[in-house]
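> Make a model of this:
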Amino acid sequence: GDVAAEADCERLMRECLSHSQTIHAAILNAGIGRGTGALVDTTVAELDEVLRTNVRGVYLFLVRLMPVMRRQGHGQIVVTSSVKGIRAGPTGAIYCASKYAVEGLVASARCELKGSGVKIGTVNPAGVATPWWEDRARGGWEPGAKDISKFLTADDVAASIVMMCQQGDKSDISRIVLENV
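Predicted coordinates:
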């Protein structure tokens, strides 16, 4: 499905709730990158596509998950963001803008959920070694343009997501930042 399509979000929520009336954890991990160069070299179409997936997709799931988790009195929402959501760089302005928006949504949701038993936080990885980096059709770079050998692995990111989901009742992790070594 499409995380930015309301009908797909509704269908997925119905499917989840048909299996169990309780949602203990939700991982919002969809995202795309387009317009990886300078801001002036990007297009409105790239802006719309990135914001649609990266921001609207998170929004659509948050507004559906938050009431369910509030009613049950507990839950953990983990939103995959990026280091680009907390510090900009000379390239990828559209992606950065989308991740800054995600950070704002999550910060506001944290305020709304305070005291409800529902926790929400972001995992903010630096570069993660995935096939995306060398897939121009999906918004990546030209093959060989980036040395991804020192990038994080998907397992590194997954471990931090698991850590956030398994945190104790007395802690509330707002953000985990993962840097490359």
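
> Quick one: the helices in the chain, in order.
Using DSSP state H, the helices found in the chain span residues 6-19, 44-51, 57-72, 93-113, 154-165.

> The third one to helix 44-51, inter-axis angle?
Interaxial angle of helix 57-72 relative to helix 44-51 (axes from the mean of the first three to the mean of the last three CA atoms, to 10 degrees): 20 degrees.

> Quick one: list the elements packing against helix 57-72.
helix 6-19, strand 25-28, strand 75-80, helix 93-113, strand 118-125 (3 or more CB pairs under 8 Å, 6 or more residues apart in numbering; DSSP states H and E). Where C-beta positions appear, they are placed from N, C-alpha and C, glycine not excepted.

> how about a cut-off of 6 Å?
Identification of packing neighbours for helix 57-72 by 3 or more CB pairs under 6 Å, 6 or more residues apart in numbering; DSSP states H and E yields helix 6-19, strand 25-28, strand 75-80, helix 93-113.

> picking up where we left off before, for Ala129, which of the helices of the chain is the nearest?
Ala129 lies closest to helix 154-165 among the helices of the chain, at 7.8 Å (CB to CB).

> Could I get the average pLDDT for the closest one?
In this model, helix 154-165 has an average pLDDT of 97.

> ok and that helix relative to strand 75-80, angle-wise?
150 degrees.

> Helix 154-165 vs strand 118-125, what angle?
If you take the same axes, to 10 degrees, helix 154-165 sits at 160 degrees to strand 118-125.

> buried set for helix 154-165?
Across helix 154-165, burial judged by 16 or more other CB atoms under 10 Å covers 157, 160-161, 164-165.

> Also stretch 72-81?
75-81.

> so who does the most centrally placed residue in the chain touch?
Taking CA atoms, centre = their mean, the centroid of the chain lies closest to Thr80, which sits 2.8 Å from it. Neighbouring residues of Thr80 by CB atoms under 6 Å, 6 or more residues apart in numbering: 29, 123.

> gap between it and Asn29?
Per CB to CB, to the nearest Å, Thr80 is found 4 Å from Asn29.

> before we move on, what about Glu112?
22 Å.

> cool, and Ser149?
23 Å.

> Compare the two (neighbour count), which wins?
Taking other CB atoms under 10 Å, Ser149 and Asn29 do not tie; Asn29 has more neighbours (15 against 6).

> Quick check: pLDDT value at the more buried one.
95.

> now the chain, which segments are flagged as low pLDDT?
132-145 (pLDDT under 70).

> burial measure for the nearest residue to Asp41 once chain neighbours are set aside, as a count.
Once flanking residues are discounted, Asp41 sits nearest to Gly35: 7.4 Å by CB to CB, 6 or more residues apart in numbering. Neighbours of Gly35 under the rule other CB under 10 Å: 22.
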